[in-house]
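Asks: Structural data only, the sequence is not supplied:
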């Protein structure tokens, strides 16, 4: 058998030769098998589709052909046809290598269809079926909020800050946005800033205040579908707005009840209380009535009935005090007057009845303006008879012989009092024969000095009123007549027998009330009126040290011997004089008053706000205090310091001369004795109220460890040019006075270094600096208080440590440790050691012990040194601690609506009690101005077993690492006002609590606040 193989072109031919043998013959057969390996063009791709289209472009996509023709597809030809044409146009001259291609430069609005063919080594395959027609137009997508972008719908912001409300958008064409607050469109309001883009709309509000609190709605639309809206809420943390509808619900004698409604805007925080204030209508400043009102009504008592008052109410929240709501008109705390007395008939005629009465015993605290008289006949209703300013009135137009009833009531500013009734009174004309009484002139003679006036009073009676005629030598003279009694008796006054004269001088004017803009004066009338009644007074004024007097202008003549001069210049001194005027003219001026200063009333100062002990020795105690909040309107001249020893009650003045400063050192005290101290301020009016130290102070040496005083001028990093000089200085304190040592890390101090140290200051000066002086410099402060301290306390044992004393000229051989159970006087030796530490064991758990240590040398034992306080033997105490290292920046971010877990490892003995609390910040800053801020905080959750005795406040500027002590003496309230800040700088604050055991850890730092004045009115 033989087989051969050969190639013809690209076809392989296999020839097989098979030989078959038979018995008598053989056959030869040829079998030819053709194996064809020919390459053909690829198959037809799938119909193209357009998935994305704009007005000038389309993205055409297709799939590879199912058959590649035996050779890989190397590209595609893409053709397009306009619906308006029958011609197919190849889109690109070169083949497209991908199964999608963007077609450019289309005509907007035209419709196109596409076809595609594949290419391999054999050539172009057949075209796909033609696609549908696609229109060249921008895609349309309904406008909506882009939910794939994180956004906020609730904003809480501090007053004075800026806030941005951002809303992500999507849609085609790009949506337009319109903003509104409540029902009001704010698109054209210049107060707001708007920033719009295709993907977002932003509303910016600058320096927000409480009025910006509310709901803001954004409306988006692009002409596709329905417009969409989204509401965002903004809560501005500000002081409350003004209270509403302040009214006086009830006004009685000396009392006023105020009612009001809460503010519409609470400033983003709950109203904690209301402040109620009052103001005398003649003054400009308000005074506080209460700051602890929690209801919307308050009764003010002990008001002067003769003074008119304005009132106002201010709401307060954690951000501060809001705007005041004032009463519009002043009001007096008065009542209606009491009933009149002794109403009776004075006279009667055919058609009238004249009534008379006496004033009420009580005018209700306000001047009686007039009286109301009512009348009625038998069986009729009461009707108005008239009103009168005097205590009598003639009721006219009555029927003769009728019997009438009358009643009278007094009326003041508050209203009308109770009626007092009289009657029946018959309306008839009474006739009384004229009769004069000469009882005052028994012999009918009047003697008068030459040149003087004569005054004759002659009572008479008669009805109808008699005609009166006075004669002198049968010649008629001038008379004055008036009624003065209730029995139809009259008096006649005979005067002017000689020519009238001007009045004498009134008394010297004197001030009865003085304010910053007014002075109320009073004077006595002239001794002689010149024979004519005084009609009015002329009051004149001049400024001190000037010559000319000016008349005090008034709307009405001054008829009383008193007047309130208004519109004066505050702190200016004035002089006054007054003249009386009668028919004869202006009388002699009074004496000129003493100079009177128009100033607010002066008073003694109030007590200093804080008095505390700042230091002590065996024989002295140092005191510090703050200035009084109210100096009484006058300069503080100085302070009086008083003390009392132990339980004594008689206070003794310490300083002979007034102390001008707010600190004083009391010397000459008994070592170990306890003293109480108090301080009072003194001004020109006199000595003010005293303020006593909170607890008795003991005259003992205070041993304090070294402390560094860092102020705002301290620099931690110094940059010096080569050849320059630098001075590193630090202030420090401590008892005994610490020793200061300067060292340089990784090297020694240079030869040009000079160290200068005083009692409270140490400095390192380096002259002619070079690169070798670069590095870190450390100052070490050390002192020795010589105390025995507890290093560790465990169950049944105490570890003591102490410092080595002076050896007395002989080497210390060892120490003896003694213990004494609390409540006993016996010291027991519990151990000996040559070290400066010792563990005392086998102590009773729960008992308290005092310990002392004695040193021994060849001369014997030293005096023992005791522990400062007994120790309680108990389980070891490990301060609770939380490991927050696994929480980056102590911040957990979580999407709204999701769940998160906080895992914090806790350590401590005994097992700490775990409490979770959600709070924004313990420290709150409010009432921010360009130079001041007020800080408020909460009391510590745990006082450490001892009462908190004060707080220390520290501040630092932004981007600065140094904290600076703010207050020089402890603050005793949970708020503090920072002053002397630099405008424009941002500050942070933190607070330490203090008790008898020392200072706490610092609170968390407050948020940064910029010292700047608020913008706009809230």
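Replies: Nice, thanks for sending it over. Because the structure is predicted, anything quoted here is derived from the model rather than measured.
Asks: hang on, residue 393 in a helix?
Replies: No - counting by DSSP: H, G, I helix; E, B strand; the rest coil, residue 393 is not found in a helix; it is strand.
Asks: so what's it bridging to?
Replies: Under DSSP bridges, the beta-bridge partners of residue 393 are residue 355.
Asks: I'd say it and residue 386 touch.
Replies: Yes - the criterion here is C-beta atoms under 8 Å, and residue 393 meets it with residue 386 at 5.8 Å. Using the backbone N, CA and C atoms, a C-beta is placed for each residue, glycine as well.
Asks: which residues of this protein fall in helices?
Replies: With helices called from DSSP state H, the chain shows none.
Asks: So which residue is dead centre in it?
Replies: residue 320 (2.5 Å; C-alpha atoms, centre = their mean).
Asks: show me the contacts for it.
Replies: 239, 926, 927, 934 (C-beta atoms under 8 Å, 6 or more residues apart in numbering).
Asks: measure residue 997 to residue 947 for me?
Replies: Distance of residue 997 to residue 947, given as C-beta to C-beta, to the nearest Å: 11 Å.
Asks: same question but for residue 397, I mixed them up
Replies: In terms of C-beta to C-beta, residue 397 sits 82 Å off from residue 947.
Asks: out of the contacts of residue 320, which are buried?
Replies: Neighbour counting over these (16 or more other C-beta atoms under 10 Å) leaves 239, 926, 927 as the buried ones.
Asks: Quick one: residues contacting the second one.
Replies: Each residue near residue 926 by C-beta under 8 Å, 6+ apart is listed here: 239, 318, 319, 320, 933, 934, 936.
Asks: let's go with 10 Å and repeat that
Replies: 158-159, 237-239, 267, 317-321, 933-936, 975, 1009 (C-beta atoms under 10 Å, 6 or more residues apart in numbering).
Asks: circling back to that earlier point, tell me the one among the buried ones among the contacts of residue 320 nearest to residue 296.
Replies: Nearest to residue 296 among the buried ones among the contacts of residue 320: residue 239, at 17.7 Å, using C-beta to C-beta.
Asks: What's the local residue count around residue 321?
Replies: Neighbourhood size, residue 321 [other C-beta atoms under 10 Å]: 17.
Asks: Please name the bridge partners of it.
Replies: residue 316.
Asks: Cross-check the contact I'm expecting between it and residue 314.
Replies: Yes - taking C-beta atoms under 10 Å as the definition, residue 321 is a contact partner of residue 314 at 5.2 Å.
Asks: Just give the number of residues close to the residue lying closest to residue 635 once chain neighbours are set aside.
Replies: The spatially closest residue to residue 635, leaving aside those adjacent along the chain, is residue 683, at 6.3 Å (C-beta to C-beta, 6 or more residues apart in numbering). Residue 683 sits with 20 neighbouring residues when counted by other C-beta under 10 Å.
Asks: Lowest-confidence member of the buried ones among the contacts of residue 320, which is it?
Replies: Minimum pLDDT for the buried ones among the contacts of residue 320 is recorded at residue 926 (84).
Asks: Can you give me the end-to-end span of stretch 557-566?
Replies: Taking C-alpha to C-alpha, to the nearest Å, the first and last residues of stretch 557-566 lie 15 Å apart.
Asks: need the contact list for the closest residue to residue 619 other than its chain neighbours.
Replies: Spatial nearest neighbour of residue 619, chain neighbours left out: residue 669 (5.3 Å); criterion: C-beta to C-beta, 6+ apart. Residue 669 is in contact with 616-621, 643, 645, 675, 697-700, counting by C-beta under 10 Å, 6+ apart.
Asks: Of those - the most surrounded one?
Replies: In terms of neighbours by other C-beta under 10 Å, the contacts of residue 669 top out with residue 621 at 23 neighbours.
Asks: wait, it sits on residue 667?
Replies: Yes - using C-beta under 10 Å, residue 621 is in contact with residue 667, at 8.6 Å.
Asks: intersection of neighbour lists for those two?
Replies: Both residue 621 and residue 667 are in contact with residue 699, where contact means C-beta under 10 Å, 6+ apart.
Asks: thought residue 517 was touching residue 284?
Replies: Yes - between residue 517 and residue 284 there is a contact under C-beta under 10 Å: 7.5 Å.
Asks: quick one: which of the two has more around it?
Replies: Set residue 517 next to residue 284 and count neighbours by other C-beta under 10 Å: residue 517 wins out with 17 against 11.
Asks: Can you give me the distance of that one to residue 635?
Replies: Relative to residue 635, and taking C-beta to C-beta, residue 517 is found at 21 Å.
Asks: same thing with residue 304?
Replies: Using C-beta to C-beta, residue 304 is found at 29 Å from residue 635.
Asks: Mind checking which of these two has more residues around it?
Replies: Neighbour count, other C-beta under 10 Å: between residue 304 and residue 635, residue 304 has more, with 12 against 9.
Asks: rewinding a little: what's the overlap in contacts for residue 321 and residue 314?
Replies: 239, 240, 273, 274, 275, 291.
Asks: Spatially nearest residue to the last one (excluding sequence neighbours)?
Replies: The spatial neighbour of residue 291 that comes closest, neighbours along the chain excluded (C-beta to C-beta, 6+ apart), is residue 275 at 4.7 Å.
Asks: give me every residue that touches that neighbour.
Replies: 286, 288-293, 312-316, 321-322, 324.
Asks: Kindly give a single ChimeraX line that selects the buried subset of these.
Replies: Buried residues within these, by 16+ other C-beta under 10 Å, are selected in ChimeraX with:
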select :286,289,293,312,313,314,315,316,321,322,324
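Asks: I'd like to know which of the contacts of residue 275 is nearest to residue 300.
Replies: Distances from residue 300 to those, taken by C-beta to C-beta, are shortest for residue 289, at 5.4 Å.
Asks: what's the distance between that closest one and residue 275?
Replies: 8 Å.
Asks: hey, what's in contact with both of these two?
Replies: Common neighbours of residue 289 and residue 275 (C-beta under 10 Å, 6+ apart) are 312, 313.
Asks: Next, count neighbours for residue 559.
Replies: The burial count for residue 559: 10, using other C-beta under 10 Å.
Asks: Residue 924 too?
Replies: With other C-beta under 10 Å as criterion, residue 924 counts 19.
Asks: Verify the stated contact: it with residue 938.
Replies: Yes - using C-beta under 10 Å, residue 924 makes contact with residue 938 at a distance of 9.0 Å.
Asks: Could you find the closest non-adjacent residue to residue 169?
Replies: residue 175 (5.1 Å).
Asks: what does residue 752 give?
Replies: Nearest residue to residue 752, sequence neighbours excluded (C-beta to C-beta, 6+ apart): residue 767, at 4.6 Å.
Asks: ok, that neighbour to residue 756 distance?
Replies: 13 Å.
Asks: When the two are compared, which one has more neighbours?
Replies: Set side by side, residue 767 and residue 756 show more neighbours around residue 767, with 15 against 12, by other C-beta under 10 Å.
Asks: Show me the strands in the stretch 851-1000 of the chain, by range?
Replies: 860-861, 865-866, 871-872, 878-882, 906-909, 924-926, 933-936, 950-957, 964-965, 975-978, 986-995, 998-999 (DSSP state E, counting those that start in this stretch).
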